[in-house]
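Student: Turn this into a structure:
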Amino acid sequence: MNRKINGLWQNGTPNHQKWLISVFLLCLLGALAPIFWRGFLPAPHWRITATYLTLLLIAASCMLLRALYRRGLWRPAGPWLTYSPLKRWLMAPLCLAFFFGVLWLNISSSLPMAYTVLLGQDSSRTAMVEKKRGSGKSCPYQFKIKGVGYLFFEFCIDRESFEQYPAGSLSALLNVRQSFFGEFVQSMQINTDKGDLHE
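Tutor: Here you go, the predicted structure:
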């Protein structure tokens, strides 16, 4: 048991710092959700709200760390103490930007996606889509919803389906799981001259 704990923090680490490390690790894991499950589209209004909430959390976290540092309940990691003042000033904005990205993914996508899948309502809407070749090996053939520029959304199809659809815009009926935070695209019904095709 001690070996596992020592992999996360050193002996003698204050309990407050252990809690901070645990929360940060959970946030890191949560930020991976929209990378592996790419069917969720956050609502535009929620993306803006998530940005403000993330900024507030970053500010509150900085104030909390400063208060804990003054009370002797938190100390920076060992490598930070060996950095020169110049390197610290250069690293601080990069660390804040990284923390912002992690928190933003959790607030804008990971938590809303879980809520939408579990408690959202089934719905459908029409949209214009077009087939697109993906850059990665995990999703080389996909449909792109016109007007949607969210980086972490992909709707994958197989190669056979990709080749049978014509190029250009196609009318589609999207079957989604919807909530206040956005929608999770479950399937598409493509309208073509040959009739309706399901994906």
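Student: pull the CA atoms of whichever strand or helix holds Phe24 into PDB?
Tutor: Taking DSSP states H and E as the definition, Phe24 sits inside helix 15-31. Extracted in PDB, the C-alpha atoms of helix 15-31 (Å, rounded to 0.1, in the frame of the first residue of the first chain):
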ATOM      1  CA  ASN A  15      -3.300  15.800   3.800                       C
ATOM      2  CA  HIS A  16      -4.400  19.100   2.100                       C
ATOM      3  CA  GLN A  17      -1.800  18.500  -0.600                       C
ATOM      4  CA  LYS A  18      -2.900  14.900  -1.000                       C
ATOM      5  CA  TRP A  19      -6.400  16.100  -1.600                       C
ATOM      6  CA  LEU A  20      -5.200  18.600  -4.200                       C
ATOM      7  CA  ILE A  21      -3.200  16.000  -6.000                       C
ATOM      8  CA  SER A  22      -6.200  13.600  -6.000                       C
ATOM      9  CA  VAL A  23      -8.600  16.200  -7.400                       C
ATOM     10  CA  PHE A  24      -6.100  17.200 -10.100                       C
ATOM     11  CA  LEU A  25      -5.700  13.600 -11.200                       C
ATOM     12  CA  LEU A  26      -9.400  13.200 -11.400                       C
ATOM     13  CA  CYS A  27      -9.700  16.300 -13.500                       C
ATOM     14  CA  LEU A  28      -7.000  14.900 -15.800                       C
ATOM     15  CA  LEU A  29      -8.900  11.700 -16.200                       C
ATOM     16  CA  GLY A  30     -12.100  13.500 -16.800                       C
ATOM     17  CA  ALA A  31     -10.600  15.700 -19.500                       C
END
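Student: Quick one: mean pLDDT for it?
Tutor: Helix 15-31 carries an average pLDDT of 84.
Student: Kindly report the same for stretch 102-110.
Tutor: 96.
Student: Just the helices from the chain, written as ranges.
Tutor: Using DSSP state H, the helices found in the chain span residues 2-8, 15-31, 33-36, 44-70, 78-82, 85-105, 111-119, 159-164.
Student: nearest to Lys146, of those helices?
Tutor: Closest to Lys146 of the helices of the chain, according to CB to CB: helix 44-70, at 15.0 Å. Any C-beta I mention is one placed from the backbone N, CA and C, and that applies to glycine too.
Student: what angle sits between the closest one and helix 111-119?
Tutor: Relative orientation of helix 44-70 versus helix 111-119 (axes from the mean of the first three to the mean of the last three CA atoms, to 10 degrees): 120 degrees.
Student: Show me what helix 44-70 is packed up against.
Tutor: helix 15-31, helix 85-105 (3 or more CB pairs under 8 Å, 6 or more residues apart in numbering; DSSP states H and E).
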